[in-house]
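In: Sequence first, then the predicted structure, then my questions.
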Amino acid sequence: MSAARKEVSKRKAAEVSLSREEAAAARKNAPNPVWFKPVMFGFMLLGLIWIVLFYVTSSTLQLPVPALGQANIFVGFGFVLIGFLMTPWWK
């Protein structure tokens, strides 16, 4: 009786490991979520708008954040960089 139990447990363990491998392969080949592309392009556009807005208003209002001054350029490039870092995972 105990030998039959061992066979069943070995079979179940093999099935579980196989299903885990199949799940990992399915996740690897799965398409991106719906929100991925809009967020990626949104970061790129936000960074571009941030930089353009800073350059256009630098002589008068110094938007988007006046307290940052020239660091607004780094903030804009940071947003663009986040968008570009997301591109390798875009399927």
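Out: Yep, that arrived. All figures in this text were calculated on a predicted structure; none of them were measured in a lab.
In: Could you chop the chain up by domain?
Out: 1-30, 32-91 (automatic domain parsing).
In: Comparing the ones you listed, which comes out most buried?
Out: Ranked by mean neighbour count under mean count of other C-beta atoms under 10 Å, these are led by domain 32-91, which reaches a mean of 14. From N, CA and C alone the C-beta is placed, and that goes for glycine too.
In: chain center to that one: distance?
Out: On the basis of C-alpha atoms, centre = their mean, to the nearest Å, domain 32-91 sits 15 Å off its chain's mean C-alpha point.
In: and what of stretch 26-44?
Out: The answer for stretch 26-44 is 7 Å, by C-alpha atoms, centre = their mean.
In: same question for it, mean pLDDT?
Out: The average pLDDT within stretch 26-44 is 91.
In: Worst mean pLDDT among the domains of the chain?
Out: Among the domains of the chain, domain 1-30 scores lowest, with a mean of 67.
In: What segments of this structure are helices?
Out: Here the chain has its helices, by DSSP state H, at 2-29, 36-57, 71-86.
In: for the last one, packing partners?
Out: Counting contacts by 3 or more C-beta pairs under 8 Å, 6 or more residues apart in numbering; DSSP states H and E, helix 71-86 packs against helix 36-57.
In: if we look at the helix it packs on, which residues are touching it?
Out: For helix 36-57, contacts defined as C-beta atoms under 8 Å, 6 or more residues apart in numbering pick out 62-64, 72-73, 75-84, 86-87, 89-90.
In: could you redo the last one with a cut-off of 7 Å?
Out: 63-64, 72-73, 75-77, 79-80, 82-83, 86-87, 90 (C-beta atoms under 7 Å, 6 or more residues apart in numbering).
In: try stretch 83-91
Out: Contacts of stretch 83-91 (C-beta under 7 Å, 6+ apart): 31-32, 36-37, 40-41, 43-44, 47.
In: do that again at 8 Å, thanks
Out: 31-32, 36-37, 39-44, 47.
In: need those residues in a markdown table with distance to R20, can you?
Out: Below are the contacts of stretch 83-91 laid out as a markdown table (distance: C-beta to C-beta, whole Å):
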| residue | distance to R20 |
| --- | --- |
| P31 | 21 |
| N32 | 22 |
| F36 | 25 |
| K37 | 29 |
| V39 | 29 |
| M40 | 30 |
| F41 | 34 |
| G42 | 34 |
| F43 | 33 |
| M44 | 36 |
| G47 | 39 |
